[in-house]
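Chemist: sequence and predicted structure are below.
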2 protein chains.
Amino acid sequence: MSDTRKSFSRESEEKRTMDLIVATQMCIERGGVGEASIRRIADEAGVTPGLVRHYFPDKEALICAAYRQTMADMFKGARQGVDELPGNAIDKMRLFINTSLHPGVMNSRYHQLWASFTSLTRSTPSMAKIHHESYLEFRMGCQDLVELVFAEIGREVSAKALEQYGIMVNAILDGLWLEGCLAMELFDDGELAEIGLRSVQSVLDIEGLI
Amino acid sequence: MSDTRKSFSRESEEKRTMDLIVATQMCIERGGVGEASIRRIADEAGVTPGLVRHYFPDKEALICAAYRQTMADMFKGARQGVDELPGNAIDKMRLFINTSLHPGVMNSRYHQLWASFTSLTRSTPSMAKIHHESYLEFRMGCQDLVELVFAEIGREVSAKALEQYGIMVNAILDGLWLEGCLAMELFDDGELAEIGLRSVQSVLDIEGLI
DNA sequence: TTGCTTACTGTACGATCGTATAATAGTATC
DNA sequence: GATACTATTATACGATCGTACAGTAAGCAA
């Protein structure tokens, strides 16, 4: 039909794969899963639809890859600087809470991606697996920080209690993150982070977080 | 094409509308927004696709109606019995937390619906409005209960502080609800409700909730 | 029973979907 | 510069989508 073919340059598998994943994120970000068709993703990535199948066996595999990437991005964003921080455990916890509840992580873009992927976990087993893994990873991140804090102040708790504290902190961060993502305009800058610090301090019955 | 027409009976607008809304919920519950096509919804409701347009101007209107209905269902479920409870404010708060974090409200069905609708709020203004309204309604429900509790024990707090307590309680419930919906099998019966009670008690610095 | 209203069915249309595959061209090797 | 490899394009196919609309029958009023 067309008399001129699209010119192109060959790229590495890593680049093309990542381009397609990022394009998928952008499509979903724009209008949910329904907006993320193979054609639109390819267009967003600057390639033609046929190429997608060259790198991913089917659409589901691409969506899964984008899901994994999104969760990795968010997790990395939330823990930014926490592990490198030379300070004590309380400082790490404070930074973790602050970072998780600031615009770098708590924004409508991540929320849109998160909600879209989450809505697929029930019907797609491979996505349910990703969801499960990333949930546990985040919860364990919370739990490990709690453990550090308790060790620092010399408090001893059972493994079960520690787990429940992890669940609590995770819930508070998830809940505040949700509120912030969904209604950013209702809160002042740093308000949710402050509420998060106060809540976690209360729940863990510790001091020095604020 | 077919030699026999589908027999039918005329029904009231209320019934047909509700049938279509429920059918929409069931389709979304089954496999996300992608599964909720007009044809499948009509089939689920026991009517033909053409009828949908007789009651709803387009698909978006039907999805919005289903969104509203779902949020109303959840809100009603969470407040079940709370307002009728003759007891004191602490009892109301306890019941509210327990009910919100038990299977009647905290289940994968509601979560699937919630996540699916939520993923549409960014690109569809009419759904963003519904989302905003239902979020504020739930948060105010939390805040009102906090106010009742504080009044009961004679604690006086500023309006701003009260609002922040409402945000905290809402976040804790949202966060735990999410955890429970997404990984029900990781928790014992009533474990999350208990964690919720302990967290709220800590955060509000009150007694008698557990 | 007849006729009227309209809830409801059935079919059609153009667009878009995911996938398959043949044809092409960029690039490295010799 | 010719050759081989394969990343990439282009096109096709059948299915399904949302919507439009003409035709049909259910149920009520007279």
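Modeler: Structure received. As the structure is a prediction and not an experimental result, all values here were calculated from the model.
Chemist: how about the nearest residue to residue A:93, chain neighbours excluded?
Modeler: residue A:145 (5.0 Å; Cβ to Cβ, 6 or more residues apart in numbering or on different chains). Every residue, glycine included, has its C-beta placed from N, CA and C.
Chemist: next helix or strand past whatever helix or strand that neighbour lives in?
Modeler: Residue A:145 is part of helix A:125-152, with elements assigned from DSSP states H and E. Sequence-wise, the next helix or strand downstream of helix A:125-152 (DSSP H and E) is helix A:159-182.
Chemist: hey, C-alpha coordinates of that following helix in CSV?
Modeler: C-alpha atoms of helix A:159-182 as CSV (Å, rounded to 0.1, in the frame of the first residue of the first chain):
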residue,chain,number,x,y,z
ALA,A,159,8.6,-12.9,65.7
LYS,A,160,4.8,-12.8,65.5
ALA,A,161,4.6,-9.4,67.0
LEU,A,162,7.4,-8.2,64.7
GLU,A,163,5.4,-9.4,61.7
GLN,A,164,2.3,-7.6,62.9
TYR,A,165,4.3,-4.4,63.3
GLY,A,166,5.4,-4.8,59.8
ILE,A,167,1.8,-5.2,58.6
MET,A,168,0.8,-2.1,60.5
VAL,A,169,3.6,0.1,59.1
ASN,A,170,2.9,-1.2,55.6
ALA,A,171,-0.8,-0.5,56.0
ILE,A,172,-0.2,3.0,57.2
LEU,A,173,2.1,3.8,54.3
ASP,A,174,-0.2,2.1,51.8
GLY,A,175,-3.2,3.9,53.1
LEU,A,176,-1.6,7.3,53.2
TRP,A,177,0.0,6.7,49.8
LEU,A,178,-3.4,5.9,48.4
GLU,A,179,-4.9,9.0,49.9
GLY,A,180,-2.1,11.2,48.6
CYS,A,181,-2.2,9.7,45.1
LEU,A,182,-6.0,10.0,44.8
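Chemist: report the angle between that helix and helix B:125-153.
Modeler: Angle, helix A:159-182 to helix B:125-153, by axes from the mean of the first three to the mean of the last three Cα atoms, to 10 degrees: 130 degrees.
Chemist: distance of the closest residue to residue A:140 other than its chain neighbours from residue A:160?
Modeler: Nearest residue to residue A:140 in three dimensions, chain neighbours excluded: residue A:166, at 7.1 Å (Cβ to Cβ, 6+ apart). Going from residue A:166 to residue A:160 by Cβ to Cβ, to the nearest Å gives 11 Å.
Chemist: the two: who's more crowded?
Modeler: When neighbours are counted by other Cβ atoms under 10 Å in any protein chain shown, residue A:166 and residue A:160 differ, and residue A:166 comes out ahead with 20 against 9.
Chemist: my read: that one touches residue A:146, true?
Modeler: Yes. Counting by Cβ atoms under 8 Å, residue A:166 does reach residue A:146; the two are 5.8 Å apart.
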